[in-house]
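1. model the structure of this input:
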Amino acid sequence: MSVTQLVAGANCPVPREKLHVEVLLSPAQVSVPREKLHVEVLLSPAQVSGAEVDISAFALTANGKVRGDDDMVFYGQPRPGNGSVAFVGNSAGRAEFAVDLPNVLAGTEKIAFTATIHENRTNFGAFTNLQVTVKNAAGQAVLQATLPANGMVESALILGELYLRQGAWKFRAVGQGFAGGLKPLAEHFGVEISDPTPAAAPPVTPPPAPAKKPISLSKVTLDKAKPRVSLEKKTEGFGEIRINLNWNRGQAPAAKSGGLLGGLFGGSNKGMDLDVGCLYEQRDGTISAIQALGNRFGSFRSDPYIELKGDDRTGAISEGEWLHINGQQWQTFKRILVYAFIYEGAPNWAQTDGVVTIYVPNEPPLEIRLTEGSNSLGMCAVLVLENVNGALQVNREVRYFKGHQEMDQAYHWGLNWRAGAK
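-> Just a heads-up that it's a prediction; the model follows:
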């Protein structure tokens, strides 16, 4: 089947059936395979500093406005309303929506697809072009729109839109930009964005108000006496859950270049590679692992919604290593086992003084120290995050094992393990 090519402002009819809408981003100055385009933008700050692009869809009525929150479709709300417009995932430089045109909500006359750069850290002039492809139910491309981005100063764009005209659905390439980013784009569609409240003049006779108990965000330590905490289910999800592994540098005051673990082992300057990783089990039965070993870094914005942020091989990164979990997708998980393991070097848990800290938005940090370690065992199961009827239960474990296979069996995960390398 031939593909209709569109330029900005052009339109063509589309079949009234289930469609797939695909958005591709092409970073400037670099020619790379299209399946990796988004990743390269995010990993090249010298070229596109801090660029993080969010792709969304808005279901609109005849006046071009949304009716409510269910008309906004994005990675944090992938299937609102009746699911006729759904965010079905993204990968490097690619986001995909499923659009069931025969079953869109009554009154929907337009579906706009947009791109915004997170926090306006750059503009779309950093990209070569943005491309929208519409496929039919058989997966065949029926049209393709390419929007040149060179010279753009906007940080938010309406890429294109499906619209209903005289009983037939059509697609229009738009390319309309907003220099102010997400806020003016959202307001264009009738979404109210609250501005910071200005300081009000003090009232002449202020009435006394009962003091509200502040939310305590002081650190909470999970230990043998208090090994568990449960965070209540939230309709809006848990946001970005960040888990940090850090440990003692172990350096003498005069030593400046021994690495994070320099001098820990009887005066030797040879450090060890302490890594963080996790096993996860989703509600559909999917099981797997996220760790640097085997280059299984995962993805925050698409399945499995867990991402390892880099790998500190030398101990030179003072903030340690991070796992990020997409708490907006918490309903997809059954449990997550977070572990620390020594990839290189002799185990000496007592001197590493390792600590894992869990950060959940609007909750106090949770700290778990890697104590009671055996120097003959290089693997520590630190904690288990468990989905208990939508609540987030954090269970301290701090159990030590010889390796992945032994830990897997102890927690009945069921993965097949083999030797690997970074």
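
2. what's the domain layout of the chain?
-> Using automatic domain parsing, the domain parsing of the chain gives 4-188, 220-410.

3. in CSV: the ones you listed, plus mean neighbour count and mean pLDDT.
-> Bear in mind the C-beta positions are built from the backbone N, C-alpha and C, glycine included. Shown next, in CSV, are these (neighbours: other C-beta atoms under 10 Å; pLDDT from 0 to 100):
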stretch, mean neighbour count, mean pLDDT
domain 4-188, 18, 74
domain 220-410, 18, 81
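
4. was I right to think residue 73 contacts residue 58?
-> Yes: between residue 73 and residue 58 there is a contact under C-beta atoms under 8 Å: 7.4 Å.

5. TSV please, covering the domains of the chain and showing distance to residue 417.
-> Formatted as TSV, those follow (distance: least, C-beta to C-beta, whole Å):
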stretch	distance to residue 417
domain 4-188	26
domain 220-410	5
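
6. quick one: closest of the ones you listed to residue 416.
-> The closest of the domains of the chain to residue 416 is domain 220-410. By C-beta to C-beta, the value is 9.0 Å.

7. any idea how far that closest one is from the middle of the chain?
-> Distance of domain 220-410 from the chain centroid (C-alpha atoms, centre = their mean, to the nearest Å) equals 17 Å.

8. what is the host helix or strand of residue 275 packed up against?
-> Per DSSP states H and E: residue 275 is located in strand 273-282. Strand 273-282 makes packing contacts with strand 240-246, strand 287-290, strand 306-309, strand 321-326, strand 333-344 when contacts are defined by 3 or more C-beta pairs under 8 Å, 6 or more residues apart in numbering; DSSP states H and E.

9. quick one: closest of those to residue 396.
-> strand 333-344 (10.6 Å).

10. and of the helices and strands packed on strand 273-282, who's closest to residue 356?
-> Smallest distance to residue 356 across the helices and strands packed on strand 273-282 (C-beta to C-beta): 5.4 Å, for strand 240-246.

11. ok, and what's touching that closest one?
-> With C-beta atoms under 8 Å, 6 or more residues apart in numbering as the test, strand 240-246 has contacts from 274-276, 300, 319-327, 338, 340, 354-361, 385, 392.

12. the inter-axis angle of that strand versus strand 321-326?
-> Following axes from the mean of the first three to the mean of the last three C-alpha atoms, to 10 degrees, one obtains 170 degrees for the angle between strand 240-246 and strand 321-326.

13. output strand 240-246 as PDB, nothing but the C-alphas.
-> The C-alpha coordinates for strand 240-246 follow below in PDB (Å, rounded to 0.1, in the frame of the first residue of the first chain):
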ATOM      1  CA  GLU A 240       8.500   9.000  40.300                       C
ATOM      2  CA  ILE A 241       9.800   6.500  42.800                       C
ATOM      3  CA  ARG A 242      13.600   6.900  43.200                       C
ATOM      4  CA  ILE A 243      15.800   4.300  44.900                       C
ATOM      5  CA  ASN A 244      19.400   5.200  45.600                       C
ATOM      6  CA  LEU A 245      22.300   2.900  46.600                       C
ATOM      7  CA  ASN A 246      25.300   4.600  48.200                       C
END
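
14. which strands border it, and is each parallel or antiparallel?
-> Strand pairing for strand 240-246, determined by DSSP bridges: strand 321-326 (antiparallel), strand 355-359 (antiparallel).

15. that one to strand 273-282, inter-axis angle?
-> Relative orientation of strand 240-246 versus strand 273-282 (the same axes, to 10 degrees): 150 degrees.

16. got the angle between strand 240-246 and strand 333-344?
-> Using the same axes, to 10 degrees: strand 240-246 against strand 333-344 is 20 degrees.

17. and residue 409, which of the helices and strands packed on strand 273-282 is closest to it?
-> That would be strand 333-344 among these, by C-beta to C-beta, at 12.4 Å.

18. and the closest one, what does it pack onto?
-> By 3+ C-beta pairs under 8 Å, 6+ apart, strand 333-344 packs against strand 273-282, strand 379-388, helix 404-410.

19. so what touches it?
-> 243, 245, 272-283, 292-293, 305-306, 323, 325, 354, 356, 370, 378-387, 397, 403-404, 407, 411, 413, 422.
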